[in-house]
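**Q** Let's see this in three dimensions:
(chains A and B)
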Amino acid sequence: MRLATWNVNSVKARLPRLLEWLAEAGPDVLCLQETKCPADGFPAAEVGELGYETAAHGDGRWNGVAILSKVGLEDVTRGFPGEPGYRGESEEPTLLDDAGALPPPPPEPRAIGATCGGVRIWSLYVPNGRTPDSAHYAYKLDWFAALRTALTDELAEHPSLVATGDFNVAPTDSDVWDPAVFVGSTHVTPAERKALTDLLSVGFHDVVPKPMKGPNPFTYWDYRAGMFHKDQGMRIDLFYASTPVAERVESAYIDREARKGKGPSDHAPVVVDLS
DNA sequence: ATGTCGGCCTTGGGCCGA
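**A** Next up, the predicted model:
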């Protein structure tokens, strides 16, 4: 069974590349992030022509996740219990609850889970964090903590569990093209990396994919300044597999061909083959 | 690194988010 994850940076803008890639790579399950479209705007008919069922989660112009599957798509869950939302710093209180407190902000569409071919799989788009001193960064860490709790419960129910997507954290210094450039930036701070190891400690294994060229397993390269061609990238798209799934991993690779050519996403797909 | 994308509206240019 072939599983994959890909931050497509708008499913509408990427539709020709997505259809081309699905036909060529033929994953059984594809997790998508940054679809940037409402659930009812997802091109389900187009991917359906290639044999995929769709479960999408989205509410507007930002974020958005989805799962495509050729091997069944059951028990779809949008969001997870305890998932925090983002409260903007300048947001004015409108309706207070009986205790005079602000109601919690609604979660953003960043997580969707489903059972496909006997594997419980989550497509995740972790908040970016922007800068370590911002409210967005605190939100990112809160989101990770809530995710860890939710996946602990998921694992108890589903031994074959995958959590994959755009984690917006580079696990180690060798997962960024130049650690010196990232000093003081988000994606590499100790607190973010601890969020990853805390998540792994629940019972996951980091399936590191093979780069098809060069030594670096990068999955993302900024559009600017020819960074892809200089291999100035990061590994931030991760594939966390529970032990029963990790034991079935035959190979894993980064499809850097999908980052080339006309109209690519700034992320490449990560492909994992299971026995 | 701030060199490019994508989405949206205040639309053929500017702003936000990454």
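
**Q** Helix, strand, or coil at A:Glu46?
**A** helix (DSSP: H, G, I helix; E, B strand; the rest coil).

**Q** Can you name the residues that contact it?
**A** A:Leu15, A:Leu19 (Cβ atoms under 8 Å, 6 or more residues apart in numbering). Where C-beta positions appear, they are placed from N, C-alpha and C, glycine not excepted.

**Q** From DNA strand B, how far off is it?
**A** Distance from A:Glu46 to DNA strand B, counting by Cβ to the nearest atom of the strand, to the nearest Å: 14 Å.

**Q** do A:Leu196 as well
**A** From A:Leu196 to DNA strand B the distance is 18 Å (Cβ to the nearest atom of the strand).

**Q** Quick one, grab the pLDDT at that residue.
**A** On pLDDT, A:Leu196 comes in at 98.

**Q** what sits against it?
**A** A:Phe144, A:Phe167, A:Val169, A:Pro171, A:Asp206, A:Leu238.

**Q** so which helix or strand takes in the first one?
**A** A:Phe144 is part of helix A:135-157 when elements are defined by DSSP states H and E.

**Q** Tell me what angle the helix or strand that comes right after that helix forms with helix A:135-157.
**A** Once helix A:135-157 ends, the next helix or strand along the chain (criterion: DSSP H and E) is strand A:161-166. Here strand A:161-166 runs at an angle of 160 degrees relative to helix A:135-157 (axes from the mean of the first three to the mean of the last three Cα atoms, to 10 degrees).

**Q** tell me the angle of the following helix or strand past strand A:161-166 relative to strand A:161-166?
**A** Proceeding N to C from strand A:161-166, the next assigned helix or strand is helix A:190-200, under DSSP H and E. Interaxial angle, helix A:190-200 versus strand A:161-166 (the same axes, to 10 degrees): 150 degrees.

**Q** Pull the CA coordinates from helix A:190-200 and hand them back as PDB.
**A** Extracted in PDB, the C-alpha atoms of helix A:190-200 (Å, rounded to 0.1, in the frame of the first residue of the first chain):
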ATOM      1  CA  PRO A 190      14.000  23.800  21.200                       C
ATOM      2  CA  ALA A 191      10.300  24.100  22.300                       C
ATOM      3  CA  GLU A 192       9.100  23.200  18.800                       C
ATOM      4  CA  ARG A 193      11.500  20.200  18.600                       C
ATOM      5  CA  LYS A 194      10.400  19.100  22.000                       C
ATOM      6  CA  ALA A 195       6.800  19.100  20.700                       C
ATOM      7  CA  LEU A 196       8.000  16.600  18.100                       C
ATOM      8  CA  THR A 197       9.800  14.300  20.500                       C
ATOM      9  CA  ASP A 198       6.800  14.500  22.900                       C
ATOM     10  CA  LEU A 199       4.600  13.400  20.000                       C
ATOM     11  CA  LEU A 200       7.000  10.500  19.100                       C
END
